[in-house]
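In: sequence first, predicted coordinates after that:
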Amino acid sequence: MDLLQELAGIVGAEHVLTGDDTARYATDWMRHYHGAPLSVVRPASTAEVSACVRAAAAARVPVVPVSGNTGLVGGTMTTGGLMIALDRMNRIRALRPDARLVIAEAGVILQTIHDAVEPVGLYFPLWFGARGSAMLGGALSTNAGGSNVLRYGSTRGLCLGLEVVLPDGRVLNLMSELHKDNSGYDLKQLFIGAEGTLGIITAAVMKLVPKPLAYATAVVSARSLPAALPLLNRMQAATGGRVEAFEFMPASYSRRLAEVRPDLGLPFAEIPEVSILIEAATTVAEEATPGPDGQVPLAARLEAVLAGMLEEGLIEDAVVATSEAQRRRMWERREAAAEICLGLLPYVDTDICLPLDRVETFVTTAEARLQALDPGLRSLIVAHLGDGNLHYTLFPTRADPVLEDAVRETVEDVVAELGGSFSAEHGIGLSKLPSMRRRKDPVALDVMRAVKAALDPGGVMNPGKVIP
């Protein structure tokens, strides 16, 4: 109670939540993990975060940061710890159009940044389905990816600087606006992807890019994934690397989509084995200005590439978006991925990365081994295929922790054989601790533990996550 009174003195009693008031923070949005925090405190400034962390450190109470709480791996769960919610730290401190950067606090919702930079002709290229609720601090803490990694890179590649509250309450100012700075270790990279185990990110300097003037978007059907893969390289060559997204949806995904969201429709009368959503974008006026026939030149290039592949028999059909409404509908089908998994239990969520030319081998091999392990197991796949990232969700035939771990290990085995990674963009949290224990290089784990011990000798910052 002394700690709660001290926290109330820092942030105000109305922002120190206990009991039932903590419920919306204590459960992840998939309702898979359930915690019981001592309290949820909602600071409104970096100084208040610092004071709260110092108070918790003095009381030896674990600290768990939480932003939009849209994670999938249990990274914000705690029993008895102090959750520091950053939703009140939601200010855009500065927008610098000429420098193409934005300085924002950790509690700013991604969509807010998108909306703020659009009027000045810029674009924040961190784009995924949860952008309307996910916050910048969480995206940085998990090194989120999304649909545009192919062209712009993940969150790590978009970050120039960070402000971080360390486990002892000190504020580490790494708010560089520079694209080059070789003054020692690049410390900000320690905290990006660390899931709050080394400190609490409170603000960041993020890169912006010119807003596209036009898009060329299509959904393509193909008999197989290998047949569809040449589309990416051909379109990159035809547009000078302007492809932003290359998303894979197999027949199983389309069937489930039709069950759960019939209102979205499907692009083809018959569900193909492989559906690919491809999108290119341009900031060049000549490529974005419709010609005498009313067609945007970038879209014409996409159509030409698709026509060539149709003639070769590599693809079976294609629908090219001719309006913004049609483009948005194509993306709605893709971004319904999380929604269509809801209601199917039990589930094992995996988030893996593979070389592009080994994705088909992975799917074929993993499906065969999983059916041998658990006949009748169901799977759903959706992928950021342009960067080899598969969201491969498995639904075992029974709720059995031993079986669920065996399913995950089977996936890991195939991933390792093909030179991939068991974690691409969702983070480690709690759910992938066994994977870290089995798959991460032991020397790498030793180094991670040494870094953790150096920055957080008391082990109070989001304990039990990331490092097994």
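Out: Received, thanks. All figures in this text were calculated on a predicted structure; none of them were measured in a lab.

In: can we go C-alpha only for contacts and neighbour counts from here?
Out: OK.

In: need phi/psi at W127.
Out: phi -140, psi 120 (degrees, to the nearest 10).

In: ok, it - contacts?
Out: The contact partners of W127, by C-alpha atoms under 8 Å, 6 or more residues apart in numbering, come to G145, G146, S147, N148.

In: distance check, the residue lying closest to the first one once chain neighbours are set aside against N69.
Out: Leaving aside its chain neighbours, G145 sits nearest to S154 (4.5 Å; criterion: C-alpha to C-alpha, 6 or more residues apart in numbering). For S154, the distance to N69 equals 19 Å [C-alpha to C-alpha, to the nearest Å].

In: what's the answer for A399, then?
Out: Distance from A399 to N69, by C-alpha to C-alpha: 25 Å.

In: number of residues surrounding the closest residue in space to F124 that isn't next to it in sequence?
Out: In space, and not counting its chain neighbours, F124 is closest to L208: 5.1 Å by C-alpha to C-alpha, 6+ apart. Counted with other C-alpha atoms under 10 Å, residues neighbouring L208 total 24.

In: L208 contacts V102, doesn't it?
Out: Yes - L208 is within contact range of V102, at 7.1 Å (criterion: C-alpha atoms under 8 Å).

In: centre-most residue in the protein?
Out: By C-alpha atoms, centre = their mean, the mean C-alpha position of the chain lies nearest to A144, the distance being 3.5 Å.

In: could you look up the SS state of that one?
Out: Applying DSSP: H, G, I helix; E, B strand; the rest coil to A144 yields a three-state assignment of coil.

In: distance check, it against K211.
Out: A144 is 21 Å from K211, by C-alpha to C-alpha.

In: next one: the residue nearest to F124 from S252, what distance?
Out: For L208 relative to S252 (C-alpha to C-alpha), the value is 36 Å.

In: which stretches of the stretch 1-150 of the chain form strands?
Out: 16-17, 39-41, 63-66, 82-85, 92-96, 101-105, 122-123 (DSSP state E, counting those that start in this stretch).

In: in JSON lines: the ones you listed, plus mean pLDDT, distance to L342 and mean neighbour count.
Out: Shown next, in JSON lines, are these (pLDDT from 0 to 100; distance: least, C-alpha to C-alpha, whole Å; neighbours: other C-alpha atoms under 10 Å):
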{"stretch": "strand 16-17", "mean pLDDT": "97", "distance to L342": "29", "mean neighbour count": "20"}
{"stretch": "strand 39-41", "mean pLDDT": "97", "distance to L342": "27", "mean neighbour count": "26"}
{"stretch": "strand 63-66", "mean pLDDT": "96", "distance to L342": "23", "mean neighbour count": "28"}
{"stretch": "strand 82-85", "mean pLDDT": "97", "distance to L342": "26", "mean neighbour count": "25"}
{"stretch": "strand 92-96", "mean pLDDT": "98", "distance to L342": "33", "mean neighbour count": "15"}
{"stretch": "strand 101-105", "mean pLDDT": "98", "distance to L342": "31", "mean neighbour count": "24"}
{"stretch": "strand 122-123", "mean pLDDT": "98", "distance to L342": "31", "mean neighbour count": "20"}
